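K.L.:
give me coordinates for this.
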Amino acid sequence: MKKIKPNSIEAVFYFALYICMQDGKFTSEEKEQMFIDMPIVKKLYLDLYGELLYDNFKSMCNNFFLKYEIEESFIGSDINDTEISYINSIINDPSLRDIAMMVARNAAAADGLQLKEQSKYQYWYDSWIK
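P.N.:
Got it, this is the predicted structure:
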């Protein structure tokens, strides 16, 4: 598993990809929705941290999809301790968690929110938001 810097844009993309992959696939509709959400993510991230190191957000996102894969043991309906620990280690800022949840929900819903996607999303919603 490649290391992702905590509370980074990559962590947000990883979380969204992780939710989308629960049904075993990352569709073109889900990817396109992430591209659509990029201006919002960029604005919210800048508001939180005051800086963003990427000039071309779409290029950075495309490179992300080429470099990172979701750990196979993280895919499926049962959530495991390693998965919980890893996700919490890359996204621990409450405000960034809100952004990650929004991007994940929008992306996963782009092709119809599958039961496994909904289940993992609900776990994190209950853990982070409630």
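K.L.:
any weak-confidence spans in this structure?
P.N.:
1, 49, 51-58 (pLDDT under 70).
K.L.:
quick one, strands of it?
P.N.:
In order along the chain, the chain carries no strands (DSSP state E).
K.L.:
what's the longest helix in it?
P.N.:
Longest helix in the chain, counting residues (DSSP state H): helix 28-49.
K.L.:
buried sites along that helix?
P.N.:
Using 16 or more other Cβ atoms under 10 Å as the test for burial, helix 28-49 gives Glu30, Lys31, Gln33, Met34, Asp37, Met38, Val41, Leu44, Tyr45. Every C-beta, even on glycine, is put in place using the N, C-alpha and C of the backbone.
K.L.:
and the nearest residue to the third one once chain neighbours are set aside, its phi and psi?
P.N.:
Meaning Gln33. With sequence-adjacent residues excluded and distances taken as Cβ to Cβ, 6 or more residues apart in numbering, Gln33 is closest to Ala110, at 3.8 Å. The phi/psi pair for Ala110 (degrees, to the nearest 10) reads phi -60, psi -30.
K.L.:
hmm, Ala110 is touching Asp37, no?
P.N.:
No: in this structure, Ala110 is not within contact of Asp37 by Cβ atoms under 8 Å, at 9.9 Å.
K.L.:
tell me, how many residues neighbour the closest residue to Glu10 other than its chain neighbours?
P.N.:
The shortest distance from Glu10 to any non-neighbouring residue, by Cβ to Cβ, 6+ apart, is to Ile4 (5.0 Å). Under the neighbour criterion other Cβ atoms under 10 Å, Ile4 is assigned a count of 21.
K.L.:
state the distance from Ile4 to Phe64.
P.N.:
According to Cβ to Cβ, to the nearest Å, Ile4 stands 9 Å off from Phe64.
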